[in-house]
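>>> sequence and predicted structure, then a few things I'm wondering about:
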Amino acid sequence: MMHTRKIRLMMASAALLTLTGPAFALDGADLMKKLDAATNANGTSITYDKAEVDGDKVTVTGVKLKVASQPGDAVDLNIGDLTFEGVEETEGGGYYAETVSFPDVNVSQDEGAISVKDILLSGLTIPANATGGTINDIILYESASTGPIAVSSKGKEVFSLESTEANLARQENDAGFDFDATASGIKADLSSVEDAKTKEAIEKLGLTTIDGALTMKGSWEVESGNVALEEYALDFKNVGRLNFALDISGYTLAFVKSMQEAMKAAEANPNKEEANQAMGLAMMGLMQQLTFNSAEIRFDDASITKKALDYAGSQQGVTGEQMAQSLKGLVPIMMAQLNVPELQNQVSAAVNAYLDGPKSLTISAAPEKPVPFPMIMGAAMGAPNTIPSVLGVKVTAND
């Protein structure tokens, strides 16, 4: 009797292991199928040779991307091998990977070459159903980064980056996302410019080599579709900092889905001209759903203005100060043609203050109430001189 019970227990244990085993085994082919479906929504398709699983690691070889650059046209990218680590299947059939490592990029064509090192994605979430309409049906990552990026021409490095990083964080209760990005150690060598006049200007302005960084920060609220781009700035030594900010509403998941469908329809149309026209009309229609809240462009000078005035003046046979005085007289004449008296006075006062002591120049648009895009488009077509008042445009200097 005891012997029989032991046999039954062993059989039951074996059956249990047989049933539970596949639940812990990852399916590399299914992961790539769902990754392809998720990226396909943005006009990208993925092919590969094979996907091998080793515990929670998935190695995919021969990965190729086909990216739609415009309707009827696509770019093929040979990625190589991808390594997904810390992979687990999520509830509902999606996947999460702690990291995704890419091979270094080294591409040469004609006399140019580009290299990108240490490409890494962290916290990648692949949805089970990319056709759904919730935040959980979007492909997401927690961070993306690269090491050095270099571009060369005729054997000489003309552009480089030390590193890039982008971060995406879910807000509480999945209300939306906060995002930020940086590109540090941006360097460009303009000494190889061949046009004599352009080369002279570059040298006089002290722009033979430029060194700076790019920063970006913002948020997206899913339900209202509010996109608040607080900062998108380029900051270069001995030049200045140019920052762009924008706040709009209506960029919802439904809006994104409609835009993706319009892109797919255009991509499927073999007639490129017809596809571009259809895409343009679709975008015009979608723009009707957006609302303008505010925008701002600001430049903080770091000595480039005086250099530019001195150079422009030298071309006219005058000093930089004389050139500044000439511009002060020219601006009101140019603004008068736009028939916007209030804005004309603002611009003239701001330009005068800036040229007298260059510190900052700001153009902002902050209407009292959000303005639907159709109203802006109507004003642009019917009465363009009313746009500054519709958007609450202001121009200030050195504030």
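Thanks, I have the structure now.
>>> what's the following helix or strand after the lengthiest strand in the chain?
What stands out as the longest strand in the chain, according to DSSP state E, is strand 73-89. Under the assignment DSSP states H and E, the closest C-terminal helix or strand after strand 73-89 is strand 95-101.
>>> helices and strands around that next one, which ones?
In this structure, strand 95-101 makes packing contacts with helix 28-40, strand 73-89, strand 120-126, judged by 3 or more C-beta pairs under 8 Å, 6 or more residues apart in numbering; DSSP states H and E. Every C-beta, even on glycine, is put in place using the N, C-alpha and C of the backbone.
>>> break down the stretch 201-350 of the chain into its helices, ranges please.
Read by DSSP state H, counting those that start in this stretch, the stretch 201-350 of the chain holds these helices, from start to end of the chain: 253-268, 272-287, 304-316, 320-336, 341-356.
>>> distance to Ser108 for the ones you listed - can I get that in CSV?
Compiled in CSV, the helices of the stretch 201-350 of the chain are given as follows (distance: least, C-beta to C-beta, whole Å):
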stretch, distance to Ser108
helix 253-268, 29
helix 272-287, 29
helix 304-316, 34
helix 320-336, 44
helix 341-356, 45
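>>> including mean pLDDT and distance to Glu91, could those helices go into TSV?
Written out in TSV, the entries for the helices of the stretch 201-350 of the chain read as follows (pLDDT from 0 to 100; distance: least, C-beta to C-beta, whole Å):
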stretch	mean pLDDT	distance to Glu91
helix 253-268	85	20
helix 272-287	86	33
helix 304-316	95	54
helix 320-336	94	60
helix 341-356	94	55
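>>> quick one: closest of the ones you listed to Thr386.
Go through the helices of the stretch 201-350 of the chain one by one with C-beta to C-beta and the one that ends up closest to Thr386 is helix 341-356, at 10.8 Å.
>>> which residues are in contact with whatever helix or strand comes next after that closest one?
Beyond helix 341-356 on the C-terminal side, the first helix or strand identified by DSSP H and E is strand 360-365. Among residues not part of strand 360-365, those counted as contacts by C-beta atoms under 8 Å, 6 or more residues apart in numbering are 292, 294-301, 350, 354, 391-399.
>>> likewise stretch 172-185?
For stretch 172-185, the external contacting residues (C-beta under 8 Å, 6+ apart) are 135-136, 160-171, 211, 213-223, 226.
>>> hang on, isn't Ala366 packed against Ser294?
Yes: here Ala366 reaches Ser294: they are 4.5 Å apart, a contact under C-beta atoms under 8 Å.
>>> who has more neighbours out of those two?
Comparing Ala366 with Ser294 by neighbour count (other C-beta atoms under 10 Å), the higher total belongs to Ser294, at 17 against 14.
>>> ok, of the contacts of strand 360-365, which come out buried?
With burial judged by 16 or more other C-beta atoms under 10 Å, the buried subset of the contacts of strand 360-365 is 292, 294-296, 298-301, 350, 354, 391, 393-397.
>>> which of those sit farthest apart?
Pairwise over those, using C-beta to C-beta, the maximum falls at Phe292 and Asp301, 28.1 Å.
>>> next step: the contacts of strand 360-365 restricted to strands.
In strands, judged by DSSP E, the following of the contacts of strand 360-365 are found: 292, 294-301, 393-397.
>>> low pLDDT regions in the stretch 1-150 of the chain?
The model of the stretch 1-150 of the chain has pLDDT under 70 over residues 1-24, 69-74.
>>> before we move on, the earlier item: for ChimeraX, write the selection for the buried entries among the contacts of stretch 172-185.
To isolate the buried subset of those in ChimeraX, counting by 16+ other C-beta under 10 Å, use the following:
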select :135,136,160,161,164,166,167,168,213,214,215,216,217,218,219,220,221,222,226
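>>> circling back to that earlier point, out of the helices of the stretch 201-350 of the chain, which comes closest to Val116?
With C-beta to C-beta as the yardstick, what comes closest out of these is helix 253-268 (25.9 Å).
>>> which other residues reach the closest one?
Judged by C-beta under 8 Å, 6+ apart, the contacts made with helix 253-268 from elsewhere in the structure are 41-43, 68, 71-72, 74, 133-135, 138, 222, 225, 275-276, 278-279, 282-283, 286, 289-290.
>>> mind redoing it with 10 Å?
For helix 253-268, contacts defined as C-beta atoms under 10 Å, 6 or more residues apart in numbering pick out 40-43, 68, 70-74, 130-135, 137-138, 222-223, 225, 251-252, 272, 274-283, 285-287, 289-290.
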